[in-house]
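Chemist: Prediction below, plus the sequence it came from.
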Amino acid sequence: MLKIGFVDLDTSHPGSWLKILKERNDVEVVACWDGGTVYEEGYAEKFARENGIPKVCKTLEEMVNLVDVAFIQSCNWDLHLERALPFINAGKGVFIDKPIVGNMKDLFRLLELERHGAKIIGGSSLRYAQEIESFKSEDRGDILSVFASTSNDSFNYGIHGIEMFQGLLGVGVHSVRYLGSNISDLFYIDYKNGIQVILQLKSPTHHFYMTVTTTKGIYTINVDSSKIYRPLLDKVISYFKDEEPFPFTLEELLESIKIALACRYSKIYGVRVFLEELPLDDPGFDGDRFAKEYRLLKLRTKK
């Protein structure tokens, strides 16, 4: 039995994922902890009571000895590394929800920890969408270009769009260039193998969508967001049970963060950004600011 602990309950993911995990007889969410970024004191107890989680921990250190794997689900990505470290130091597995981190400093710290034996994965469920897997299983010819589009903000939600096209194309992005804005933002992304991607962020309608041009035709992929969690969780559980390797290495997963950072940098400075030349001191995306805005949105929604 794989024992899982939920760290931070900020988003809809803990509740949605728990429903799927409860359908399995080989895993159990045995503990939870919440740092109060979004919800008031006492929310973790309420969440645990309503969802049948046996233990609410007062500290992360208390959770470490109870679990095999920690799911880090903070909406503030700047807290992800801090939240993960007690489990990594204890040799436990860690899954970090999207976006994994928001700057180059944290990105390289995670890679360093992995090189010293830490078992870390994470990211967006869009990378493993059934529609993408189905497309890859069929003979549609060689992919020449992709238009990928998603909605809402540029990073917390925009990372879905990036991981979506990386689920189809894999890694190997060469550079990013900002093209312009008209409500949404457009970016030109080129792969080292010649594949071209136009990425649309902040579209005003909610969707996960791609148009794919191949040597055999033009195809569309419209991902059903109600079915995206199960494929991810199946792969995560299989990995932490040592049943099969995860489809992407941590370094490959983190390329999506580099792409997002390159998009940000290119938009600010109006230059083409090569992933291999991203400034290490770039501040990246502000997780604290986003978390405060996210909390206010949650509070307004509840009224």
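Modeler: Yes, it's here.

Chemist: what's the span of stretch 119-135 from first residue to last?
Modeler: One end of stretch 119-135 to the other measures 30 Å (CA to CA, to the nearest Å).

Chemist: can you give me the strands for the stretch 1-150 of the chain?
Modeler: With strands called from DSSP state E, counting those that start in this stretch, the stretch 1-150 of the chain shows them at 2-7, 27-33, 55-56, 69-72, 93-97, 120-123, 143-151.

Chemist: can you redo the ones you listed as JSON lines with mean pLDDT and mean neighbour count?
Modeler: Where C-beta positions appear, they are placed from N, C-alpha and C, glycine not excepted. JSON lines is the format used below for those (pLDDT from 0 to 100; neighbours: other CB atoms under 10 Å):
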{"stretch": "strand 2-7", "mean pLDDT": "98", "mean neighbour count": "24"}
{"stretch": "strand 27-33", "mean pLDDT": "98", "mean neighbour count": "22"}
{"stretch": "strand 55-56", "mean pLDDT": "98", "mean neighbour count": "17"}
{"stretch": "strand 69-72", "mean pLDDT": "98", "mean neighbour count": "24"}
{"stretch": "strand 93-97", "mean pLDDT": "98", "mean neighbour count": "24"}
{"stretch": "strand 120-123", "mean pLDDT": "98", "mean neighbour count": "23"}
{"stretch": "strand 143-151", "mean pLDDT": "98", "mean neighbour count": "20"}
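
Chemist: Let me know which of these is the nearest to Val197.
Modeler: strand 143-151 (4.8 Å; CB to CB).

Chemist: The closest one pairs with which strands?
Modeler: strand 196-203 (parallel), strand 208-214 (antiparallel) (DSSP bridges).

Chemist: Got phi/psi on the residue of the chain positioned farthest from its centre?
Modeler: For the chain, the residue at maximal distance from the C-alpha centroid (CA atoms, centre = their mean) is Lys216, at 31.6 Å. Backbone torsions of Lys216, given as degrees, to the nearest 10, read phi -110, psi -10.

Chemist: what sits against it?
Modeler: Applying CB atoms under 8 Å, 6 or more residues apart in numbering, one finds that Lys216 lies in contact with 139-141.

Chemist: switch to 10 Å and redo it
Modeler: 139-142 (CB atoms under 10 Å, 6 or more residues apart in numbering).

Chemist: before we move on, what about Ile195?
Modeler: 142-146, 165, 168-170, 172-174, 189, 213.

Chemist: Same question for Phe47.
Modeler: Counted by CB under 10 Å, 6+ apart, Phe47 has contacts 6, 9, 14-15, 18, 32, 34, 39, 53, 56.

Chemist: what separates it from Pro14, distance-wise?
Modeler: 7 Å (CB to CB, to the nearest Å).

Chemist: any residues in contact with both of these two?
Modeler: Joint contacts of Phe47 and Pro14 (CB under 10 Å, 6+ apart) are 6, 32, 34, 53.

Chemist: Give me the buried stretch members for the helix ranked longest in the chain, please.
Modeler: Counting by DSSP state H, the longest helix found in the chain is helix 250-269. The neighbour-count check on helix 250-269 (16 or more other CB atoms under 10 Å) flags 250, 252-267 as buried.

Chemist: Make a markdown table out of the strands of the stretch 1-150 of the chain and add distance to Gly194.
Modeler: Formatted as a markdown table, these follow (distance: least, CB to CB, whole Å):
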| stretch | distance to Gly194 |
| --- | --- |
| strand 2-7 | 41 |
| strand 27-33 | 42 |
| strand 55-56 | 52 |
| strand 69-72 | 36 |
| strand 93-97 | 32 |
| strand 120-123 | 25 |
| strand 143-151 | 8 |
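
Chemist: tell me which residues in stretch 185-202 are buried?
Modeler: Those would be 185-187, 189-191, 195, 197-202, for stretch 185-202 by 16+ other CB under 10 Å.

Chemist: Would you mind measuring from the residue nearest to Gly91 when sequence neighbours are not counted to Pro86?
Modeler: Nearest non-adjacent residue to Gly91, counting by CB to CB, 6 or more residues apart in numbering: Gly117, 7.7 Å away. Computed as CB to CB, the Gly117 to Pro86 distance reads 16 Å.
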